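1. The sequence isn't on hand, but the structure is:
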């Protein structure tokens, strides 16, 4: 009977096949513990195959008429185990499997040098596939218990993946920070699900509609719970502190997977739970908008100042995820303020950004990983001139940068357009303070957009162009073919989604319609975007220009080798190439708050003829250093006072249990007496 | 429509270098000199196109992409805007103003990368400045578009720029657009297009290593960008048609000429601002555009 589920033609049957393949990918490498190559290969092949099957199931789910559902009663647990793929779930499943597929191919080559250490490889593929499985399970879970189990599976497997290079101390530190953050977050979710189950009488999502009867104050409370719970996983400001630590520590394809899709499962959870809440008070929406704006501005300013490429990308993830929450906030606000069109456009913008960010951030982390792989460093100071040495990886990194900056004709532009349009529409249609707020929101969003351009110019310009700054960069070589294939898949999607946005809009229609009352057709006040004439003109102009230039300049490039003109200076050397820190300094002086300025440490010798000098610049997260670190230090010192309770002797623990039982019995008797 | 596109692009290609000639002639007259011919930029471009170019060993394909996009972007952006009431916008859709602004972002991205591609620290410095200042100039442009959207109830550039109306908000918006035009085209008081070797340069520093046809394309692209933004400003100032084609043409060309002359006057009357003052002026302009929006909220 169980096999019936696999034979059907529905989305869920393909999905179950995908899960089975992923499970195979987790277990097979363990069986190959003595043949390291076989273990490595089987892990990759099964996870890639599982992801392919998953992509098909997600596409089926996106365009199916009705939701696809499996439900098995589980008597012992007292609940129905159910998997459900509806529009929203399928919308989030697709990027998970797409980025997972690319990451599996990329990771195969990326970890090639670790193949002799078979335990590490087995360990990696086991947790990689478990992470994929649990992300898929989070998105398809039909009840709270399953959701939480899958959520924990996701947190734990990704923790182990972050700690892949466990020999390094800083990696373990980053891993523990991530572990802490994600578990503090899940505590809020436990609280939310218990409250919800208490009100509705069951953990099934289908019964959560009973929450609609709650009071507005209670709704606000539940909203705060899910905002904190999901926000800490997603990197919502100010709970983002784990991201810039964990992403640089993890292997690059894992960073791509975590940053591109894992944190999006939190956005999914948030969007899944929101409709169950009763109509929210307006302050919830305003709070979300404010947090989203602050977080995006903070994230991108920090990204612009980092000296470590992966840390910079991690902060850029903070910016993007906060932008998504800003979009969700605008959606909620629009509903409350009676502006359905503004709300719908903001929601579509936020949803599209989920996809777009998965594609370009996956690509960028993989590109950064390629630089790391061939130079052995994550720091801009060790890069330079890499486009010449790694032409394909470099070109794709530039493409991803242009996409993340929202430049046409790439995918980032489409979602930015929607987000901007919702704010402009709000400014156009409302009055008074609302219109004024949209003015502020728009100008900050544009400022954020400008800073993104700044950040990516710095990232690609300093890392890929110019002269190599270190021998490692001088000797860098192009990445292995499979790594390039992984990146090429995501590059292709960035271009496709930008040039033919109607594909994405068709995909977003179902989830948007499920969440939003009016249909997407109503939202086409924005009659669409990038018309065919526009595309034709762009292609024609670019072809003509490129062709003309090629023809005209074919014979015009002077023969011989010429250096860059040094403005009369005869002996320019590599250390004079503009640095990442120099690129940002002017912006730091004129634009950024003092708290975002890096700490400079300058060491010079006191001699008259100075021999050695040293300059180091570091920028820690101000929120972590000034808020979270003191807070937790304080908490732990207070908690130490209770340390005596934990005596470590069995008889004392038995005494605790005994006392607790007596108290509970007493409480019960007392309540009975009062009841009588 | 093909004819419309063709006439748009042709007008842009033919007329744009004239503006630079007029500006330098105005500056020459005020400075008491005779000055170069008004058609000088045409001669310059024609000459540069015939020359050979020197490519540094450090550079890659990115170095060539900068000049191509510098020309392609104004051409593409021009089809989104109407040329006065003479010629309507060939392509128009709701939200195209975002495309208009981000197209210039695309050319800026590649100009900055081309500058960094040379590996010269001097050009890197210019690139950093350009990237920083553009963050501050962009919001003003968007707020002006939001003012126009509110005034006209339209969300496409074609509609926003061709509706009638006057008043203080529109006047403030026009002033803001003029300042943005100066900033975007690297004119005084933000930048000086005439000098290269000064430590406070922005745009000219970035194109220092370009030569021959590449430099010609950059000069041409800069002229077209100036023309496109001047047309946007002209559209804002005189929106409605008079009914007579010839009168419309005369009015439109007269206004473009007046704007060009006033750029020349500004350049003659002012010195370039100190680098630290530039952000202040840009933020001030943004605030001015805030006021023009607030005036609409009554």
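-> That came through, no problem. Predicted model only: the values in this text are computed from it and were never measured.
2. Now do the helices in chain B.
-> Ranges of helices in chain B, per DSSP state H, are B:2-30, B:40-50, B:61-78, B:96-117, B:121-152, B:157-161, B:168-184, B:203-206, B:212-237, B:245-269, B:277-295.
3. do you know which of those helices lies nearest residue A:635?
-> helix B:121-152 (38.8 Å; Cβ to Cβ). (C-beta placed from N, C-alpha, C; glycine too.)
4. and that closest one, what does it pack onto?
-> Packing partners of helix B:121-152 (3 or more Cβ pairs under 8 Å, 6 or more residues apart in numbering or on different chains; DSSP states H and E): helix A:411-429, helix A:432-464, helix A:580-590, helix B:96-117, helix B:157-161, helix B:168-184, helix B:203-206, helix B:277-295.
5. tilt between that helix and helix A:580-590?
-> Calculated by axes from the mean of the first three to the mean of the last three Cα atoms, to 10 degrees, helix B:121-152 forms an angle of 50 degrees with helix A:580-590.
6. Who are the contact partners of residue B:173?
-> Neighbouring residues of residue B:173 by Cβ atoms under 8 Å, 6 or more residues apart in numbering or on different chains: B:144, B:147, B:148, B:236, B:289, B:292.
7. Settle this for me: the third one is touching residue B:235, isn't it.
-> No. Residue B:148 lies out of contact with residue B:235 (Cβ atoms under 8 Å); the separation is 9.6 Å.
8. Common neighbours of those two, please.
-> Joint contacts of residue B:148 and residue B:235 (Cβ under 8 Å, 6+ apart) are residue B:161.
9. neighbour count winner among those two?
-> Neighbour count, other Cβ atoms under 10 Å in any protein chain shown: between residue B:148 and residue B:235, residue B:148 has more, with 29 against 25.
10. coming back round to it: closest to residue A:657 out of the helices of chain B?
-> Nearest to residue A:657 among the helices of chain B is helix B:121-152; the distance by Cβ to Cβ comes to 61.8 Å.
11. Which strand or helix spans residue A:485?
-> Using DSSP states H and E, residue A:485 falls within helix A:481-499.
12. now for the helix or strand just after that helix, which elements pack on it?
-> Counting by DSSP H and E, the next helix or strand C-terminal to helix A:481-499 is helix A:501-515. Counting contacts by 3+ Cβ pairs under 8 Å, 6+ apart, helix A:501-515 packs against helix A:87-110, helix A:340-375, helix A:411-429, helix A:481-499.
13. As a markdown table, the helices of chain B with mean pLDDT and distance to residue A:579 would be great.
-> Below are those laid out as a markdown table (pLDDT from 0 to 100; distance: least, Cβ to Cβ, whole Å):
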| stretch | mean pLDDT | distance to residue A:579 |
| --- | --- | --- |
| helix B:2-30 | 91 | 35 |
| helix B:40-50 | 93 | 33 |
| helix B:61-78 | 91 | 19 |
| helix B:96-117 | 93 | 11 |
| helix B:121-152 | 91 | 8 |
| helix B:157-161 | 87 | 40 |
| helix B:168-184 | 92 | 27 |
| helix B:203-206 | 84 | 17 |
| helix B:212-237 | 93 | 26 |
| helix B:245-269 | 92 | 34 |
| helix B:277-295 | 92 | 22 |
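14. Could you list the domains of chain A?
-> Following automatic domain parsing, one gets these domains for chain A: A:281-550, A:645-676.
15. Enumerate every residue touching the closest residue to residue A:188 other than its chain neighbours.
-> If the residues on either side of it in the chain are set aside, residue A:188 comes closest to residue A:229, at 3.5 Å by Cβ to Cβ, 6 or more residues apart in numbering or on different chains. Counting by Cβ under 8 Å, 6+ apart, residue A:229 touches A:185, A:186, A:187, A:188, A:189, A:191, A:192, A:269.
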